[in-house]
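Student: Provided below for reference: sequence and predicted model.
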Amino acid sequence: MIIGHFATRRDAERAVEHLVQEHGLERTDIFVVAEGAANSAGTRVAGADLESGHYGAEDLTNDKEPELAGAIEVSVECDDEQTEIVTDALRAAGAEQVRLQ
């Protein structure tokens, strides 16, 4: 099991996309959860937490702040020969920390 910690939900989602689409891992072998017990969107605002996502729309107001209570954790079950590929992909997507478990 390889675990990457991401500051933003956007980076965590990008990591999953790269692992599945570019490296052929099964989506069922990848798990995404908030680090710790709190529901969290990461530790930094990004992507949908920052903008509406619609072309020409104004940025979201601060009426609703995203829940920034901890990192997003992406866990990947893989074979030993895939360890380096997975580790590199997590880091390339913005993982602040990567560890083997």
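Tutor: Perfect, thanks for sending it.
Student: shaky segments in this structure?
Tutor: Scanning the chain for pLDDT under 70 picks out 36-70.
Student: can you pull the buried residues of the longest helix seen in the chain?
Tutor: If you go by DSSP state H, the chain has its longest helix at helix 9-21. Within helix 9-21, the residues that count as buried by 16 or more other Cβ atoms under 10 Å are 9-16, 18-19. (C-beta placed from N, C-alpha, C; glycine too.)
Student: cool, and stretch 24-34?
Tutor: In stretch 24-34, counting by 16+ other Cβ under 10 Å, buried: 25, 29-30, 34.
Student: how long is it end to end?
Tutor: 24 Å (Cα to Cα, to the nearest Å).
Student: same thing with stretch 2-16?
Tutor: Per Cα to Cα, stretch 2-16 runs 13 Å from first to last residue.
Student: direction included, what does the helix or strand where residue 98 lies pair against?
Tutor: Element membership of residue 98, judged by DSSP states H and E, is strand 97-100. Strand pairing for strand 97-100, determined by DSSP bridges: strand 2-6 (antiparallel).
Student: okay, the angle between the partner strand and helix 9-21?
Tutor: 150 degrees (axes from the mean of the first three to the mean of the last three Cα atoms, to 10 degrees).
Student: sort out which residues of strand 2-6 are buried, please.
Tutor: 2-6.
Student: can you give me the strands for the chain?
Tutor: Counting by DSSP state E, one finds strands in the chain at the ranges 2-6, 30-34, 72-76, 97-100.
Student: now distance to residue 85 too, for the ones you listed, in JSON lines please.
Tutor: Formatted as JSON lines, the strands of the chain follow (distance: least, Cβ to Cβ, whole Å):
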{"stretch": "strand 2-6", "distance to residue 85": "10"}
{"stretch": "strand 30-34", "distance to residue 85": "13"}
{"stretch": "strand 72-76", "distance to residue 85": "10"}
{"stretch": "strand 97-100", "distance to residue 85": "12"}
